[in-house]
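[1] sequence first, then the predicted structure, then my questions.
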Amino acid sequence: MTLLPAIELETRPEPDSTVIWLHGLGADGNDFAPIVPELYLPKEAAIRFIFPHAGAIPVTVNGGYVMPAWYDILEMKIDRKVDIAGLMASAEAISGFIDRELDRGIDSRRIVIAGFSQGGAVAYQVVLAHEKPLGGLLAMSTYLATDDILEYKVINKEIPIEIQHGVDDPIVPEHLGKKAAARLVKEGYQVSYRSYPMEHSVCPAQIGDISRWLQAVLK
């Protein structure tokens, strides 16, 4: 499989863990790459951060305007009608990055998948349906788009899941974040849910929480 283009950053040579971080609609990997130094990770942390770029496609709710997207957005109420084929294709593409990290010698249990908005919906699908044990899932300002078809894998039932959402989010309303958390709890997952006084974005307090969570997951 040919991998999507991506930005790679390593906190130290010879990393022993990987974070694959997916951007939102209309952005690219550059959107979150600058967050790495803001995490203030310990000097001994040897983490490879991978920020893939989604391909550019016409997006229905934007009048067919071509922009980076993991899948098409068909309606303004994003959870009502989902481009499942597009989302699944993106999930498969991200699984390709996981396979490459395994080839590079990274233990699957030290691979964390993070995603914001559209990227978070893909991250849910990648992690919850993956055949190998992964290290963690960070879902930011997103929703569980594939709930109706998702085949939850027992092997990742113990995975740390961190869900974060803005209480004033007008793009992906917070009730969708809470709905995803409740669904996963019902399925038997251990979920940490945090909310922040923000809209569809990332705030400084959240970055601190992400840093602490990553350090705990990859200690």
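    Happy to help now that I have it. Residues are numbered from 1 along each chain as shown.
[2] now do the strands in the protein.
    With DSSP state E applied, the chain shows strands at 6-10, 17-22, 47-52, 56-59, 65-68, 111-116, 136-140, 161-166, 191-196, listed in chain order.
[3] which other helices and strands contact the fifth one?
    The helices and strands touching strand 65-68, judged by 3 or more CB pairs under 8 Å, 6 or more residues apart in numbering; DSSP states H and E, are strand 56-59. C-beta coordinates here come from the backbone N, C-alpha and C atoms, glycine included.
[4] which residues sit against the strand it packs on?
    Leu25, Gly26, Gly64, Tyr65, Val66, Met67, Pro68, Ala69, Tyr71, Asp72, Ile73, Gly86 (CB atoms under 8 Å, 6 or more residues apart in numbering).
[5] tell me the centre residue of the protein?
    Gly115 (2.0 Å; CA atoms, centre = their mean).
[6] quick one: contacts for the closest residue to that one other than its chain neighbours?
    In space, and not counting its chain neighbours, Gly115 is closest to Ala123: 3.2 Å by CB to CB, 6 or more residues apart in numbering. Counting by CB under 8 Å, 6+ apart, Ala123 touches Leu22, Ile94, Ile113, Ala114, Gly115, Leu137, Leu138, Ala139, Thr142.
[7] what about Ala123, distance to Gly96?
    Going from Ala123 to Gly96 by CB to CB, to the nearest Å gives 14 Å.
[8] over to Ala89?
    Ala89 sits 11 Å away from Gly96, going by CB to CB.
[9] repeat that for Arg12.
    25 Å.
[10] now do His53
    Distance, His53 to Gly96, by CB to CB: 14 Å.
[11] which one's more surrounded, those two?
    His53 (17 against 14; other CB atoms under 10 Å).
[12] neighbours of the closest residue to the more buried one other than its chain neighbours, how many?
    Take His53 and drop its neighbours on the chain: the residue closest to it by CB to CB, 6+ apart is Asp28, 4.4 Å away. For Asp28, the neighbour count with other CB under 10 Å is 19.
[13] pLDDT at Asp28, what is it?
    Note for Asp28: predicted pLDDT of 97.
[14] what is the burial count for Ala46?
    Around Ala46 there are 16 other residues, counting by other CB under 10 Å.
[15] excluding chain neighbours, what is closest to it?
    Leaving aside its sequence neighbours, Ala46 sits nearest to Arg12 (CB to CB, 6+ apart; 4.0 Å).
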